[in-house]
Structures are given as C-alpha cells and as structure tokens.
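Chemist: Below is the sequence, then the predicted model.
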Amino acid sequence: GKSTLYNALSNCSIPAENFPFCTIDPNSTRVNVPDERFDWLVDHHKPKSVVQPYLEIVDIAGLVKGAAGGAGLGNAFLSHIKAVDGIIHVMRAFD
C-alpha cells in the first residue's frame, strides 16, 4: 500500500511487492505542486528568481510485530520517520 501510493503520487516505479521489507532503504523524490495562486503571485510581483513549489515524498519500510524489541528495521525505522515533516498513514482494511 505505501509503495503503491508513493508510485501513484510520484509517477515512479519502485518495487511494491506484498512481502516484508520490500522497501529497506527509503525512496525519495520531489513532485511539482502546480498552484494558480503561486503563478498569480509571480506574475504580479515579478521576483528576480522563481522556485516552483514541490513536495518531497519519501517511502520508508513499515513496522513489523516486535519492532519495539528490535525486530525488523528497529531503530533505522525511527531515524527514517524522524527525518520527515509529515506522515501519510496507510492502513490495510479487510472485511
């Protein structure tokens, strides 16, 4: 789910397999965020330089049972989470 969402948002094609630790090292990419308000500001204020707005998306491995005790990526997961400004929480829901 997380890597599939990452691929959809970023137009990338990282592996999105259904097995633990398909993602070990974080994948990161920048996605342009088109905004008419930004374009309006640029047109009206004529800045010396223009930096288009973007969102940096990072796909990290998920938690596994026992992660608090060091199972899985353990502390590496925590360092990856600590490095981001926001989180999109992807959950599985089955009937």
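Modeler: That came in fine, so what should we check first? Residues are numbered from 1 along each chain as shown.

Chemist: Every contact and neighbour count from this point should use C-alpha atoms.
Modeler: Noted.

Chemist: Let's verify Thr4: helix, strand, or coil?
Modeler: Using DSSP: H, G, I helix; E, B strand; the rest coil, the structure places Thr4 in helix.

Chemist: now for the host helix or strand of Asp39, which elements pack on it?
Modeler: Element membership of Asp39 [criterion: DSSP states H and E] is helix 36-45. Identification of packing neighbours for helix 36-45 by 3 or more C-alpha pairs under 8 Å, 6 or more residues apart in numbering; DSSP states H and E yields no helix or strand.

Chemist: how about it as PDB, C-alpha atoms only?
Modeler: This file holds the C-alpha atoms of helix 36-45, laid out as PDB (Å, rounded to 0.1, in the frame of the first residue of the first chain):
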ATOM      1  CA  GLU A  36      -2.500  29.000  -9.700                       C
ATOM      2  CA  ARG A  37      -2.100  31.300  -6.600                       C
ATOM      3  CA  PHE A  38       1.700  30.900  -6.900                       C
ATOM      4  CA  ASP A  39       1.600  31.700 -10.600                       C
ATOM      5  CA  TRP A  40      -0.500  34.800  -9.900                       C
ATOM      6  CA  LEU A  41       2.000  36.000  -7.300                       C
ATOM      7  CA  VAL A  42       4.900  35.500  -9.700                       C
ATOM      8  CA  ASP A  43       3.000  37.400 -12.500                       C
ATOM      9  CA  HIS A  44       2.100  40.300 -10.200                       C
ATOM     10  CA  HIS A  45       5.300  40.700  -8.200                       C
END
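
Chemist: what comes into contact with that helix?
Modeler: The contact list for helix 36-45 (C-alpha atoms under 8 Å, 6 or more residues apart in numbering) reads Val50.
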